[in-house]
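In: only geometry, no sequence info:
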């Protein structure tokens with residue numbers, strides 16, 4: 001089973017193993033699978049998953065992340081070519097607080113039209129103080145300094161960096 005280190009009853013692993021006859025699969029390669037969710041937010045809403053069971057982004061290795069990114073780009077281009085949306089949301093949620101309902105990392109590609117029923121996905125403004133924003137910025141900046149640039153293999157340095 002492709003459910004390596006995961007839960008025995010993962011519905012996405014069932015799709016990977018072709019145990020779900022109702023899955024509307026649109027793409028499959030040796031690393032990833034893309035399919036329609038059972039309750040799409042919009043027509044053409046597609047999900048991309050790794051064939052390997054990984055519960056969330058924090059358990060995702062860089063090679064699998066690269067494979068997911070390549071498939072996500074391929075599906076985004078296919079959505080644009082076939083459905084001609086006005087826009088596209090790419091959403092990846094982790095943990096219950098972020099509305100992850102299936103604990104198998106997945107990426108949503110949601111085609112958007114100007115007058116669709118989804119509406120805004122971010123609040124128009126926040127009420128965080130400048131101190132709160134600075135504290136979060138400093139903590140994240142410090143954490144990023146410890147990972148170095150090796151996290152992006154093959155990346156070219158930016159001008160002025």
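Out: Thanks, I have the structure now. Not measured: the values here are computed from a predicted model.
In: list the contacts for the spatially most central residue of the chain?
Out: Against the mean C-alpha coordinate of the chain, by C-alpha atoms, centre = their mean, the closest residue is residue 107 at 2.6 Å. Counting by C-beta atoms under 8 Å, 6 or more residues apart in numbering, residue 107 touches 47-49, 68, 72, 90-92. Using the backbone N, CA and C atoms, a C-beta is placed for each residue, glycine as well.
In: try 10 Å this time
Out: By C-beta atoms under 10 Å, 6 or more residues apart in numbering, residue 107 lies in contact with 32, 34, 46-50, 57, 68-69, 71-72, 75-76, 90-93.
In: How about residue 38?
Out: Contacts of residue 38 by C-beta under 10 Å, 6+ apart are 11, 20, 22-24.
In: again, but for residue 23
Out: Going by C-beta under 10 Å, 6+ apart, residue 23 touches 11-12, 14-16, 33, 35-38.
In: one more time with 8 Å, if that's ok
Out: 15, 35-36.
In: What's the ChimeraX line that selects buried ones from the contacts of residue 107?
Out: Remark: buried members of the contacts of residue 107, expressed as a ChimeraX selection using 16 or more other C-beta atoms under 10 Å:
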select :32,34,46,47,48,49,50,57,68,71,72,75,76,92,93
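In: Off-centre distance for stretch 116-123?
Out: 18 Å (C-alpha atoms, centre = their mean, to the nearest Å).
In: which residues touch that stretch?
Out: Residues from elsewhere that reach stretch 116-123, judged by C-beta under 8 Å, 6+ apart: 41-42, 89, 91, 110, 112.
In: For those residues, pick the one with the most neighbours.
Out: Greatest neighbour count in the contacts of stretch 116-123, by other C-beta atoms under 10 Å, goes to residue 110: 23 neighbours.
In: Specify the beta-bridge partners of it.
Out: residue 89 (DSSP bridges).
In: From residue 41, how far out is it?
Out: 5 Å (C-beta to C-beta, to the nearest Å).
In: low pLDDT regions in this structure?
Out: 1-8, 149-161 (pLDDT under 70).
In: What are the boundaries of the helices in it?
Out: All helices of the chain, identified by DSSP state H, fall at 11-16, 62-83, 130-147.
In: possible to save these as CSV with distance to residue 118?
Out: Shown next, in CSV, are the helices of the chain (distance: least, C-beta to C-beta, whole Å):
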stretch, distance to residue 118
helix 11-16, 23
helix 62-83, 15
helix 130-147, 28
